[in-house]
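A.B. asks: Following is a predicted model, sequence given first.
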Amino acid sequence: MVTAIILSIIFLMGDAGVIFLSQKCFGRLPQGERLARIHKSPNYNNGEFVNLDSAAVVFKKGKLKVWKEFLFDNSGVQIAPAKGDSMTVIRTDLKALPEDKDWLVWFGHSSYLMNLSGKKILVDPVLYAGSPVSFVNKMFKGTDVYKPKDFPFIDYLVISHDHWDHLDYQAVTELEPNVGKVILPLGVGEHFEYWGYPKEKLVEEDWWTHVVLDQAKDAAGNDKSFEVTFTPARHFSGRDLHQNKTLWASYYFKTPKRNIWISGDSGYGTHFAKVGETFKDIDLAILENGQYNTDWAYVHTLPKYLGQEMKELNASRYMTVHHSRFALSKHDYREPLENAKKAGEESQKPVLMPQMGEVVYLE
């Protein structure tokens, strides 16, 4: 939210603001054939993508009032580690991890790498910056350990939406030679093509689209296919002052060993129950938990809904992300971890709570 405030201020600077917003890192709005596809989407209305439960509402109050309170109302909570303190991140050699085991390594916020049946999936890698200016969404000290050179070949780079704290221009451009395919919501592919990704690398779809990524059988004839279904989220999008011109998404991955659902950024909504009813075999659900505020309750999960989401999804186990690396909202930076524990108790399901950089084996 604070990124939008800063961009609005920059825009008001006149010519200097226009020059700033024209930098390549801001990406490009959909055009041509991609824009024609967007216009046909059932989730696109009156010039923008909309949520299932409401129009793409971001703020419960007026935007200016929310921004004023965010900038000037000191809530008194410790929203980031004390000055000088450093967050501890385990330094793992990602290229040396086993191919024959399913595992996950979380890097803080919503960035994590999974090995599923030998396929590497990297989700929302923010490795350099979470905003277009260095003093906004600044990473907590000690959390910027991993860089693109540290990663093995990425079979599937997964992007949930185009906000700066999920789509890091420098990271994805450096990763490009080391990426097989990019899985991303409708419209976000425009940024990637503009940044040099070939069109054939992009798997760019609307909600409820099913894609077979790799179709295979083993010697005994057992299905070893790798598939993804694009599912809804309740959020919004935009890297500049244009909002909701690209879609946001969650994802269900069906793999030979286990099935995983990734929530992306999302407020609580009816899609949680729908996903749980549609996919009754979710082994691990990875949920947004952090950077919430009652003023934008529609687009991030408030603590009181986290346990409800777990119950409706009915996954075998859970993990929460979107915390521990940035202070994007005015809640204590340690609070999401307590939320996760409480939600696990409510749902009576195990919740994985790894340290950043720790290898979690999913076997």
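C.D. replies: Ah, there it is. Everything numeric in this text was worked out from a predicted model, so none of it was measured. Numbering: from 1, shown residues only.
A.B. asks: The stretch 1-150 of the chain: helices as residue ranges?
C.D. replies: 2-11, 15-21, 32-39, 63-72 (DSSP state H, counting those that start in this stretch).
A.B. asks: Count the residues that sit near residue 173.
C.D. replies: With neighbours defined by other Cβ atoms under 10 Å, the count for residue 173 comes to 16. From N, CA and C alone the C-beta is placed, and that goes for glycine too.
A.B. asks: Model confidence score at it, please.
C.D. replies: You'll see residue 173 listed with a pLDDT of 98.
A.B. asks: I'd like to know how far it sits from residue 21.
C.D. replies: The gap separating residue 173 from residue 21 is 19 Å, by Cβ to Cβ, to the nearest Å.
A.B. asks: And residue 158, by the same measure?
C.D. replies: Applying Cβ to Cβ, the value for residue 158 to residue 21 is 27 Å.
A.B. asks: In terms of neighbours, single out the busier of the two.
C.D. replies: With neighbours defined as other Cβ under 10 Å, residue 158 and residue 21 compare such that residue 158 has more, 23 against 16.
A.B. asks: circling back: would you single out the least confident of the helices of the stretch 1-150 of the chain?
C.D. replies: helix 2-11 (a mean of 54).
A.B. asks: Looking at the protein, which residue reaches furthest from the middle?
C.D. replies: Distance from the C-alpha centroid of the chain peaks at residue 220, with 36.9 Å (Cα atoms, centre = their mean).
A.B. asks: gap between the two ends of stretch 198-206?
C.D. replies: Using Cα to Cα, to the nearest Å, the end-to-end distance of stretch 198-206 comes to 20 Å.
A.B. asks: Pull the distance from it to the chain's centre.
C.D. replies: On the basis of Cα atoms, centre = their mean, to the nearest Å, stretch 198-206 is displaced by 18 Å from the centre of the chain it belongs to.
A.B. asks: List of residues touching it?
C.D. replies: Identification of contacts with stretch 198-206 by Cβ atoms under 8 Å, 6 or more residues apart in numbering yields 34, 41-43, 179-189, 192-193, 211, 213, 228, 230, 247.
A.B. asks: Among the residues you listed, which are located in helices?
C.D. replies: Counting by DSSP state H, the part of the contacts of stretch 198-206 found in helices is 34, 189, 192, 193.
A.B. asks: In the stretch 51-200 of the chain, where is pLDDT below threshold?
C.D. replies: Flagging of the stretch 51-200 of the chain using pLDDT under 70 yields the residue ranges 55-76.
A.B. asks: can you pull out the strands in it?
C.D. replies: For the stretch 51-200 of the chain, applying DSSP state E, counting those that start in this stretch gives strands covering 103-106, 112-116, 119-123, 154-158, 179-185.
A.B. asks: What sits closest to residue 48 if chain neighbours are left out?
C.D. replies: Spatial nearest neighbour of residue 48, excluding adjacent residues (Cβ to Cβ, 6 or more residues apart in numbering): residue 244 at 3.8 Å.
A.B. asks: ugh, wrong one, residue 339
C.D. replies: Nearest one to residue 339, counting by Cβ to Cβ, 6+ apart, is residue 303 at 4.4 Å.
A.B. asks: what sits against the one you found?
C.D. replies: By Cβ under 8 Å, 6+ apart, residue 303 lies in contact with 289, 292, 335, 339, 342, 343.
A.B. asks: circling back to that earlier point, from the contacts of stretch 198-206, list the buried ones, please.
C.D. replies: 34, 43, 179, 181-189, 192-193, 213, 228, 230, 247 (16 or more other Cβ atoms under 10 Å).
A.B. asks: Distance of residue 186 relative to residue 205?
C.D. replies: Counting by Cβ to Cβ, the separation of residue 186 from residue 205 is 6 Å.
A.B. asks: try residue 151
C.D. replies: Distance, residue 151 to residue 205, by Cβ to Cβ: 24 Å.
A.B. asks: any idea how far the nearest residue to residue 271 once chain neighbours are set aside lies from residue 251?
C.D. replies: Once flanking residues are discounted, residue 271 sits nearest to residue 232: 4.2 Å by Cβ to Cβ, 6+ apart. For residue 232, the distance to residue 251 equals 11 Å [Cβ to Cβ].
A.B. asks: Alright, that wraps it up for me.
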